[in-house]
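> I need the structure of the sequence given here:
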Amino acid sequence: SGHIDSWDVGQGAMDDAGGSVAAWSALHIINRLGLRPRRTIRVVLFTNEENGGNGGFEYAKIHKGEISNHVLAIESDNGVFKPSGFGFSGNGNALSVMKAIGKLLDPLEAGTITNNNGGIADITPLVQAGVLGAGLHVNMSKYFWYHHTEADTIDKLDNKEFNLCIGAMAILAFIVADMPDRLNYEYF
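Down below sits the predicted model:
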């Protein structure tokens, strides 16, 4: 997921249209490759993150009856700079499984999985309801150059870094969706 609201002074490319397009593109790649995971992958483009996260709260409210079917909520909300890995809300065995999946992301230099969500504004209501969460970690050294400024425009996206974010999200989403056993807090 990502969110599509922005401040009036810029286009919101880093905050957070880039994350939204990366999430959508990750699913697009999975589909183009003809991959069919065991579980459904859903892309959610949240709104109203900047004004209290109302989009995330509304999504959790609307889908309250099916929250137990959500396995992992992945969010990109720190720009689409060079990815380094994901922060993860789970621990114990679930964290061990995620770290093993992270090894598949090592060729992208995005395999570091930490027990620290980092940047999960929109999926917080899902995490609070018991869904595991993962936030894409990126090199944030330039993020605040653009964040909420008129400089937050599409020309700031680096295609290579952006594609690495897409790849990292696609791999993580597909692997978790296709695991024989569902990833959860009690994963054994």
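
> Output the longest helix belonging to the chain.
For the chain, the helix reaching the highest residue count under DSSP state H is reported as helix 159-178.

> Ramachandran angles for Ser68?
Torsion angles at Ser68 (phi, psi; degrees, to the nearest 10) stand at phi -60, psi -20.

> Kindly provide the distance from Val43 to Lys142.
For Val43, the distance to Lys142 under the criterion CB to CB, to the nearest Å works out to 26 Å. Quick note: C-beta positions are derived from backbone N, CA and C, even for glycine.

> of these two, who's got more company?
More crowded of Val43 and Lys142, by other CB atoms under 10 Å: Val43, with 17 against 14.

> hang on, that one packs against Ser25?
No. The pair Val43 and Ser25 does not pass the contact test of CB atoms under 8 Å, sitting 9.3 Å apart.

> Can you identify each of the helices in the chain by residue range?
18-32, 54-62, 92-105, 124-128, 143-146, 159-178.

> so which of those comes closest to Phe81?
Closest approach to Phe81 among the helices of the chain is made by helix 159-178 (5.4 Å; CB to CB).

> Can you give me the buried ones in that closest one?
Residues 161-177 are the ones in helix 159-178 that count as buried (16 or more other CB atoms under 10 Å).

> Please state the offset of it from the chain centre?
Averaged C-alpha coordinates place helix 159-178 at 9 Å from its chain's average position (CA atoms, centre = their mean, to the nearest Å).

> Now do that helix: which elements does it pack against?
helix 18-32, strand 72-75, strand 83-88, helix 92-105, strand 132-138 (3 or more CB pairs under 8 Å, 6 or more residues apart in numbering; DSSP states H and E).

> Looking at the ones you listed, which is nearest to Lys64?
Scanning the helices and strands packed on helix 159-178 with CB to CB as the criterion, the closest one proves to be strand 72-75, at 14.4 Å.

> In this structure, which residue is most central in space?
Taking CA atoms, centre = their mean, the centroid of the chain lies closest to Glu75, which sits 2.3 Å from it.

> Quick check: beta-bridge partners of that one?
On the basis of DSSP bridges, Glu75 takes part in beta bridges with Gly135.

> quick one, what contacts it?
Ser1, Gly2, Gly19, Gly119, Ile120, Ala121, Asp122, Ile123, Gly133, Ala134, Gly135, Leu136 (CB atoms under 8 Å, 6 or more residues apart in numbering).
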